[in-house]
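[1] 3D, please:
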Amino acid sequence: MSRMLFNALVTALLVGGGSAAMAANDGQVRANQLLGSDPEYRQTWQKTIKNEERLPEWVINLSGSSAQQMSAVTEDGDKYLVGPLCESDDNCTYKRLIVAFSWDKDEAYGMLVEVPEGLPSDKSPTRHADYRWLGEPDDGMKKLLQEQLKRDPNWY
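    Prediction:
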């Protein structure tokens, strides 16, 4: 098999292979690509936020900026695909979302984090942040989402 044909075949499998391809290729998707990658993610996210009021458009559509790839994380024996999303590249300090989707795509959770814009750089964003939980996460899921936020070196 020629190298070019092999690469084309691998690309086709990764694009169209759904969760099996994602499991084999952990972390190769970003949060802002998720809803377009599989209709099940879109349905689950819509179910998660359907009773929420006054969510920003970028949260509703997971259409913000996402520089980091999502990763597989285990919580209480269940596997989740978790990743960050920011309102925009230059506004991540003030408006961000951490999302988690169960591996079977049946559940989704989010933690919307908002910090007052213009907060002086010597002030800790952690102490001034407002947290909004999406999807009714239990304490274990809340901890998982908070740990993902703490992975950001600019979050202190």
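[2] show me where this structure has helices.
    Under the criterion DSSP state H, the chain carries helices at the ranges 3-16, 18-24, 31-37, 39-49, 57-60, 125-128, 139-150.
[3] these two touch, right, Ala129 and Leu112?
    No - Ala129 is not in contact with Leu112 according to CB atoms under 8 Å; the separation is 10.0 Å. All C-beta atoms are positioned from the backbone trio N, CA, C, and that covers glycine.
[4] what lies in contact with stretch 144-156?
    Residues outside stretch 144-156 that contact it (CB atoms under 8 Å, 6 or more residues apart in numbering) are 73, 75, 80, 82-84, 92-93, 96, 98, 100, 109-111, 113, 124-126, 137.
[5] chain neighbours aside, what residue packs nearest to Arg30?
    Spatially, and ignoring its direct neighbours in sequence, Arg30 is nearest to Ser66 (3.9 Å; CB to CB, 6 or more residues apart in numbering).
[6] check Glu117 too.
    With sequence-adjacent residues excluded and distances taken as CB to CB, 6+ apart, Glu117 is closest to Tyr94, at 4.9 Å.
[7] what about that neighbour, how many residues nearby?
    Neighbourhood size, Tyr94 [other CB atoms under 10 Å]: 18.
[8] give the contact list for it.
    So Tyr94 contacts Glu87, Glu114, Val115, Pro116, Glu117, Leu119 (CB under 8 Å, 6+ apart).
[9] so for it, what's the pLDDT?
    Here the pLDDT value assigned to Tyr94 is 90.
[10] shift numbering so it begins at 11
    Renumbered: residue one is now 11, and that last one reads Tyr104.
[11] below-threshold pLDDT in this protein: ranges please.
    Along the chain, segments meeting pLDDT under 70 span 11-37.
[12] distance check, Trp113 against Gly74.
    23 Å (CB to CB, to the nearest Å).
[13] could you check which of these two has the larger neighbour count?
    Ranked by neighbour count (other CB under 10 Å), Trp113 and Gly74 place Gly74 first, with 22 against 15.
[14] next one: the more buried one from Leu44, what distance?
    Gly74 sits 12 Å away from Leu44, going by CB to CB.
[15] excluding covalently adjacent residues, which one is nearest to Ser112?
    Closest to Ser112 by CB to CB, 6+ apart is Tyr90, at 5.7 Å.
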